[in-house]
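Colleague: the following comprises the amino acid sequence and a computationally predicted model.
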Amino acid sequence: MGAPPRPADPRGDTIVATATAPGRGALAVIRVSGPDAHSIARRCTIPWPTTARQVTRVRLHAPARPDTPLDEAMITWFAAPRSFTGEDLVEYTVHGGAFVPAAVLAALVAAGARPALPGEFTERAVRNGKLDLLRAEAIGDLIDARTAASHRLALRQLDGVLTRHLAALRDAVLGAEALIAYDLDFPSEDDGPLDPTRVLAAVDATLTALDTLLATLPQAALGRDGVMVVLAGAPNAGKSSLFNALVGESRALVSEVPGTTRDAIEVLLDDDPWPIRLVDTAGLRSSDDRVERLGIEVSHRRLAEAQVVLVCGEDDASLARGVVEVRAHSAAPLVRVRTKGDRATDTRPAAIDAREVSEPMASRPIGSQPIASPRASTAVDDVPITVSVVTGNGLAALRNALRATVRATTPDPAESAPVVTRARHVAALTTARAELQAFRGAWAEGALPVPVAATHLRAATLALDELLGAFDVEEVLDRVFRAFCIGK
Ligand SMILES: Nc1nc2c(ncn2[C@@H]2O[C@H](COP(=O)(O)OP(=O)(O)O)[C@@H](O)[C@H]2O)c(=O)[nH]1
Ligand SMILES: [Mg+2]
């Protein structure tokens, strides 16, 4: 989406946008913000409410045509700085649909407002100190959230968990800087020269905190893309039937990515603690058929990416073969599924306990980076879970087993610890980390003059400042808000 260039000083003018999604709907919200918001809105509104922050029923019209009503609407106005943007702000709730919001928007533009750029309302809120940059990003994430996990992460960030944590880290770096500055200014104060280990301890604690924070990035991807769970097994094992049964049973189908018959088919299912990206594959048996071979190659690739594998087979022998084949391509935890339970000729009990999960042979944490505190995988025994898509038996137990395996190998979503969610965060934290390490090396060896070593601390502070949006970094603001929707 080629966003138009942003005005050089976007603070000067008054902007307008529809904040709700276009299309047919009962209501739409239109916002006007800027120094002339009240006078512009007034030219389209009868009567003008006397009191701020009070919902009033009004009639709307184009500025030149007060006798031609556009809508019966509700209006609330706010006076700077007590508004979302920190500017004078007007919020209309008008009737929705194709015509009314567009007509009211046009009237407000005719009265002097400029159509807002994507994210411009939130950008103004940041510029006016109503919101820090991390919280502003969280609003964007909240709007974009498609899964319960993404929603949870966005709300946590909106609540300021990450902001407070970073502010504390920044304070720690400033503290170290102050220690050094004090030593520079008063080198022979009563306590004698500065104890270098004190500075090192402060810097080391900050480095550890930065590492912990950087290691949380995979959580954002998990919340967005889900845990990749791949169905594997010989052709005809019942994988596609099981895929359909699991999808059909799911409480929320989030998205669907259909492929061709020889490609993998995947679906994102919202689940607790993380969404599950369920992938059906073509089957594992080697084949001379060219098309089937292509499908098998795709299966192998998917297996290599899998975070959990459901190995499907009708009997012990095919399950055992399936496990061996899967292990050639994947070290992910396995859940063994005996399919077509309704046909089973043996007399084993059909009801299998939910805790029966096959042992992850080489469990590894999910995500491309190490996870801060992976928990031990669940204890398991050796009984596969028997399912039937015909009777539905075993599907609930399979879901529970899958959840248990996911829980055992992914970060704990209940932790209220701060989590980084964007490449921007990682870039800034990596810079801060590199500067702190450069400082640490120079300081420990006494290799650089103190004032030079101290510039690394300064640079680390600046990187954290940029992350918080604590000072005016045009480029950063521009990059962050370009991705927002209009009216936000
Ligand atoms: N009776 C019974 N038949 C099943 C069950 N699951 C799959 N099948 C049958 O087994 C055959 C192969 O199933 P399919 O899901 O296409 O296997 P895939 O090749 O592994 O994807 C089909 O004829 C299915 O109807 C089940 O639970 N019970
Ligand atoms: Mg199939």
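Modeller: That came through fine. Ligands and ions are numbered 1, 2, ... in the order given.

Colleague: and the gap between residue 390 and ligand 1?
Modeller: For residue 390, the distance to ligand 1 equals 4 Å [C-beta to the nearest ligand atom, to the nearest Å]. To be clear about C-beta, it is placed using only N, CA and C from the backbone, and glycine gets the same treatment.

Colleague: does that residue count as helix, strand or coil?
Modeller: coil (DSSP: H, G, I helix; E, B strand; the rest coil).

Colleague: and for it, nearest residue in space, chain neighbours not counted?
Modeller: residue 342 (4.7 Å; C-beta to C-beta, 6 or more residues apart in numbering).

Colleague: thought the one you found was touching residue 387?
Modeller: No: using C-beta atoms under 8 Å, residue 342 makes no contact with residue 387, being 9.4 Å away.

Colleague: any idea how many residues pack against the residue nearest to residue 390?
Modeller: 15 (other C-beta atoms under 10 Å).

Colleague: check what pLDDT it gets.
Modeller: We have a pLDDT of 93 for residue 342.

Colleague: go on, residue 226?
Modeller: pLDDT at residue 226 comes out at 93.

Colleague: same deal with residue 61?
Modeller: For residue 61, the predicted pLDDT is 98.

Colleague: residue 107 is in contact with that one, correct?
Modeller: Yes: contact criterion C-beta under 8 Å: residue 61 and residue 107 qualify, at 6.8 Å.

Colleague: more neighbours, the two?
Modeller: residue 107 (25 against 20).

Colleague: so what sits against both of residue 61 and residue 107?
Modeller: With contacts taken as C-beta atoms under 8 Å, 6 or more residues apart in numbering, the residues that reach both residue 61 and residue 107 are 44, 70.

Colleague: could I get the longest strand anywhere in the chain in PDB with only the CA atoms?
Modeller: Ranked by residue count and defined by DSSP state E, the top strand of the chain is strand 69-78. In PDB, the C-alpha atoms belonging to strand 69-78 read as follows (Å, rounded to 0.1, in the frame of the first residue of the first chain):
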ATOM      1  CA  PRO A  69     -29.900  17.100   6.800                       C
ATOM      2  CA  LEU A  70     -27.300  14.300   6.300                       C
ATOM      3  CA  ASP A  71     -28.000  12.300   9.400                       C
ATOM      4  CA  GLU A  72     -29.300  12.200  13.000                       C
ATOM      5  CA  ALA A  73     -26.200  11.500  15.000                       C
ATOM      6  CA  MET A  74     -24.600  11.500  18.400                       C
ATOM      7  CA  ILE A  75     -21.700  13.900  19.100                       C
ATOM      8  CA  THR A  76     -19.100  14.200  21.800                       C
ATOM      9  CA  TRP A  77     -16.400  16.800  21.900                       C
ATOM     10  CA  PHE A  78     -13.200  17.000  23.900                       C
END
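
Colleague: what helices or strands is it leaning on?
Modeller: If you count contacts as 3 or more C-beta pairs under 8 Å, 6 or more residues apart in numbering; DSSP states H and E, strand 69-78 packs onto helix 37-42, strand 56-61, strand 89-95, helix 100-110.

Colleague: direction included, what does that strand pair against?
Modeller: In the sheet, strand 69-78 lines up against strand 56-61 (antiparallel), strand 89-95 (antiparallel) (DSSP bridges).

Colleague: buried ones in that strand?
Modeller: 70, 71, 73, 75, 76, 77, 78 (16 or more other C-beta atoms under 10 Å).

Colleague: give me the angle between that strand and helix 100-110.
Modeller: 70 degrees (axes from the mean of the first three to the mean of the last three C-alpha atoms, to 10 degrees).

Colleague: need the residues that contact strand 69-78.
Modeller: Applying C-beta under 8 Å, 6+ apart, the contact partners of strand 69-78 are 37-38, 41, 44-45, 49, 52-62, 84, 88-95, 100, 103-104, 107.

Colleague: what about the residue of the stretch 51-200 of the chain found nearest ligand 1, how many neighbours?
Modeller: Distances between the stretch 51-200 of the chain and ligand 1 by C-beta to the nearest ligand atom are smallest at residue 147, namely 26.3 Å. Residue 147: 23 surrounding residues under other C-beta under 10 Å.

Colleague: would you confirm that it contacts residue 272?
Modeller: No: contact criterion C-beta under 8 Å: residue 147 and residue 272 do not qualify, at 10.0 Å.

Colleague: so what does the helix ranked longest in the chain touch, helix or strand wise?
Modeller: Looking across the chain with DSSP state H, the single longest helix is helix 161-185. Contacts defined by 3+ C-beta pairs under 8 Å, 6+ apart place helix 161-185 against helix 133-144, helix 196-214, helix 423-445, helix 450-468.

Colleague: residues from the stretch 201-350 of the chain in reach of ligand 1?
Modeller: Residues of the stretch 201-350 of the chain found near ligand 1 (C-beta under 6 Å from any ligand atom) are 233, 235-241, 283, 339-340, 342-343.

Colleague: what's the most distant pair in these?
Modeller: Using C-beta to C-beta, the pair of these lying farthest apart is 283 and 342, separated by 21.3 Å.

Colleague: tell me the secondary structure at residue 20.
Modeller: Secondary structure, three-state DSSP: residue 20 is coil.

Colleague: what sits closest to it if chain neighbours are left out?
Modeller: Distances taken as C-beta to C-beta, 6+ apart place residue 28 nearest to residue 20, at 4.5 Å, with adjacent residues excluded.

Colleague: looks to me like that neighbour is in a helix.
Modeller: No: counting by three-state DSSP, residue 28 is not found in a helix; it is strand.

Colleague: how many neighbours does it have?
Modeller: For residue 28, using other C-beta under 10 Å, the count is 25.

Colleague: that one: what's it in contact with?
Modeller: When contacts are counted by C-beta under 8 Å, 6+ apart, residue 28 touches 18, 19, 20, 93, 94, 95, 96, 97, 100, 101.
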